[in-house]
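> Need coordinates for the below:
(chains A and B)
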Protein chains: 2
Amino acid sequence: MIHATSSYIINIMITSLSNSKIKYIRKLKDKRFRQETGHFYIEGIRIFGEAIQNMAGIQTIIYSPELLESEFCLDLINGFDNQERVMQVSKDVFKSISKKDHPQGIGAVITQSWQDLDQVDHQHMGIVLALDSVQDPGNLGTILRTSDAINVRSIVLLDNSTDPYNLSSIRASMGAVFNHSLIRCKIDEFEEWVRINNINIIGTSDRAETEYYGYDYPENMVLLMGSEKQGLQERHFSLCRDVVKIPMEGRSDSLNLAVATSLVLYQIYNQRRCKR
Amino acid sequence: MIHATSSYIINIMITSLSNSKIKYIRKLKDKRFRQETGHFYIEGIRIFGEAIQNMAGIQTIIYSPELLESEFCLDLINGFDNQERVMQVSKDVFKSISKKDHPQGIGAVITQSWQDLDQVDHQHMGIVLALDSVQDPGNLGTILRTSDAINVRSIVLLDNSTDPYNLSSIRASMGAVFNHSLIRCKIDEFEEWVRINNINIIGTSDRAETEYYGYDYPENMVLLMGSEKQGLQERHFSLCRDVVKIPMEGRSDSLNLAVATSLVLYQIYNQRRCKR
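Predicted coordinates:
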C-alpha cells in the first residue's frame, strides 16, 4: 500500500465526522441539495479518472491515504492544478461519505454542467436525444454510456426526469456523464423550440406503423423516447414528424428503456455509417 | 378495498412470523437455499400474473387479504386449481416476507425450471444465447426480456453466472424468466457439446475485425457473450466460428452488457425478418 505522504500534498487531514465540509458532501446524496448547490459527488478510481481526464469542474478532491492504493489516482491528485482543493481525510471520515462497502478512498465534488436548448446548433445538430420523464437512474446512465459510444452529445431531459448526477446514474454511465451536454427543460419550452426551429422529431412507440429498422432517418433530428411506465405520451407523439416501432413477437409488450433507446440510436448510427 | 373472504378460499390465515412455511419463504432470498430446494419466490401483481399465465410450477400462492386490492389477482387465486396450495397470511407476515416498501400483498413460491444442453434440438435451434459468467441480475433479467421479445427461448448460463431466480433478475425480466428454457453448465460441458454437434458459435468482442451490422449470421447458431468485467475470454473466443464487434467512437470502450447483447440479438432478428 502506498501512503500518499508526498511533498506535493500539504493539506491537513480531516478526522472529524462532523466537519462542515464533510457534512456538505454527505448531503449531496440528497437530490434537492444537489439542485440547490449545483454540485454532485462522485467516487471510485474509474469515475474519478474520467472526471479528471474530461476536465469536469472539480471543486474538491477528497481522498483517504489509508484507503487509496491506486498510483494512477495518486498521480492525478499530485498533478492537479489547485492543490488547495485537495482534501485529505481519515479512513473513518471517508467511509462516512462513501456509499460503498469497500471504498477505494478517492472521491470528488464536481459542479454540474447544464446547457440551454438555445445553445443547440439546430442546423448542424446531427442526432440529439430527448428523454421524457425517465425514472430509473440506472437506465439514464446506461443511455448516456450508449450515446457516448456513438458520439451523441446533446441529451434533453424533459419534465420529471431522474437526476443524471445521482450516484447510480453516474456509475451506470461509466463516466460518460462528463462527456455530454445535458439540457433540462419543460415540455412547453421544448415544444416552442421545436416549432420555431422546425425541428425533426422522431419518436419511438409500439403504436407506430413504421419499423425502426427500415426507416430513413433525417440528417438533423431529435430522437424522442417516452418514459418506462408511460411510453410516448399523446402530446409528445403529436410533436413527431414520424414515429417508429421496434417489432416484438413474444409475450413482452415492451423492452427495457435503455435497450430500446440503444437499439434505435445504433440503427441511426449504422445507417449513417453505411451512407458515408 | 376488496376483502377476499370468498367461499372458494377456505384456508386459515397465518399470523405467526415464525411459522415454518413463512421462514422457508424468507430463506428463499438466499441463493444457496434456492439452489438446494429448487424453489424461488416472486411477488407483485404483474409478475404473479405472468407466472399463472405461463403455467409456471407454482408450489404455494401467498396473499394478504388486507393488502391485496387487485381483483385481477383475486380472480386468479380463486381460479387456481390447487386451493390447498393457497396460503392466506396477515399483513405483518406478508411484510416480513416482502422486499418492497409497499407490498401489493401477492406472492408465490415456484419451482425453478432448468433444462440440459442435450435437450436443445441443435439442428433446428435457431438462435440460442449463451452468457459467460454474467454478474449483474438486472442485466440478466433485461437480457431475458429482450430475448423473449424476439422469441429466443434457450439461454445457456456458463460457469459463475448470477441466478436468474434472484428477485432483481425476475423483476428486470418483467416475467420473461417464465418463458425461457434455462440451461446452466460448465464451460467443459459446453465445449464438448459444441465440438460433438458442430455448433456455430458467434461471439461478440471489441477485439473482432468484423462488424456486427454487416455480418451474415448462420441459420442455427449460438450467440456467445462475455461477462461485464472480462468480455469474451480467450478460451471462449477460440470456440467461435466468427467474432463480431459493435463499433464505438466515444471515450467508452464498452457498452452495458444488456445493451450489447440486445443490439446483436436484434440485428440477427432483423436480418432474418428481411430474408423472409
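
> switch to C-alpha atoms for all contacts and neighbour counts from now on
Fine.

> What ranges in the stretch 1-150 of chain A fall below the confidence cut-off?
A:1-11 (pLDDT under 70).

> Would you map the strands across it?
Counting by DSSP state E, counting those that start in this stretch, one finds strands in the stretch 1-150 of chain A at the ranges A:39-43, A:58-63, A:86-88, A:106-111, A:114-115, A:127-132.

> wait, which of those strands is closest to chain B?
Chain B lies closest to strand A:127-132 among the strands of the stretch 1-150 of chain A, at 14.4 Å (CA to the nearest CA).

> Given the closest one, what are its sheet partners and their directions?
Using DSSP bridges, strand A:127-132 pairs in its sheet with strand A:154-158 (parallel), strand A:221-225 (parallel).

> I'd like these laid out as CSV, including mean neighbour count.
Listed next are the strands paired with strand A:127-132 as CSV, based on neighbours: other CA atoms under 10 Å in any protein chain shown:
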stretch, mean neighbour count
strand A:154-158, 24
strand A:221-225, 24
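
> want to throw those strands into CSV with distance to B:S254 and mean pLDDT?
What follows is the strands paired with strand A:127-132, written out as CSV (distance: least, CA to CA, whole Å; pLDDT from 0 to 100):
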stretch, distance to B:S254, mean pLDDT
strand A:154-158, 20, 97
strand A:221-225, 22, 98
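
> I'd like the ones you listed laid out as JSON lines, including distance to B:K229.
Converted to JSON lines, the strands paired with strand A:127-132 look like this (distance: least, CA to CA, whole Å):
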{"stretch": "strand A:154-158", "distance to B:K229": "27"}
{"stretch": "strand A:221-225", "distance to B:K229": "29"}
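
> can I get the strands of the stretch 1-150 of chain A in CSV with mean neighbour count?
Listed next are the strands of the stretch 1-150 of chain A as CSV, based on neighbours: other CA under 10 Å:
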stretch, mean neighbour count
strand A:39-43, 24
strand A:58-63, 22
strand A:86-88, 22
strand A:106-111, 22
strand A:114-115, 14
strand A:127-132, 23
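
> do you know which of those lies nearest B:R32?
Closest to B:R32 of these, according to CA to CA: strand A:39-43, at 31.9 Å.

> what does the closest one rub up against?
A:25, A:28-29, A:34, A:48, A:98, A:105-112, A:165-167, A:170 (CA atoms under 8 Å, 6 or more residues apart in numbering or on different chains).

> Other residues contacting stretch A:20-29?
Here stretch A:20-29 has contacts from A:17, A:33-34, A:39-41, A:93, A:96-97, A:109, A:166-167, using CA under 8 Å, 6+ apart.

> Return the distance of that stretch from the chain's centre.
From the chain centre to the centre of stretch A:20-29 is a distance of 21 Å (CA atoms, centre = their mean, to the nearest Å).

> Could you point out the longest helix of chain A?
Within chain A, and with DSSP state H defining each element, the longest helix by residue count is helix A:257-275.

> relative to strand A:221-225, how tilted is it?
Inter-element angle recorded for helix A:257-275 and strand A:221-225: 160 degrees (by axes from the mean of the first three to the mean of the last three CA atoms, to 10 degrees).

> Against which helices or strands is helix A:257-275 packed?
Counting by 3 or more CA pairs under 8 Å, 6 or more residues apart in numbering or on different chains; DSSP states H and E, the packing neighbours recorded for helix A:257-275 are helix A:137-149, helix B:257-275.

> what's the shortest one packed up against?
In terms of contacts (3+ CA pairs under 8 Å, 6+ apart), helix A:137-149 is packed against helix A:167-173, helix A:257-275.

> and the longest one with helix A:137-149, angle?
So that's helix A:257-275. Using the same axes, to 10 degrees, helix A:257-275 lies at 10 degrees relative to helix A:137-149.

> List the buried residues in helix A:257-275.
Under the neighbour-count criterion of 16 or more other CA atoms under 10 Å in any protein chain shown, helix A:257-275 has A:257-269, A:271 buried.

> Export those residues to a markdown table and append columns for distance to B:L140 and pLDDT.
Below are the buried residues of helix A:257-275 laid out as a markdown table (distance: CA to CA, whole Å; pLDDT from 0 to 100):
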| residue | distance to B:L140 | pLDDT |
| --- | --- | --- |
| A:L257 | 15 | 98 |
| A:A258 | 14 | 98 |
| A:V259 | 13 | 98 |
| A:A260 | 16 | 98 |
| A:T261 | 18 | 98 |
| A:S262 | 17 | 98 |
| A:L263 | 17 | 98 |
| A:V264 | 21 | 98 |
| A:L265 | 22 | 98 |
| A:Y266 | 21 | 98 |
| A:Q267 | 23 | 98 |
| A:I268 | 26 | 98 |
| A:Y269 | 26 | 97 |
| A:Q271 | 29 | 96 |
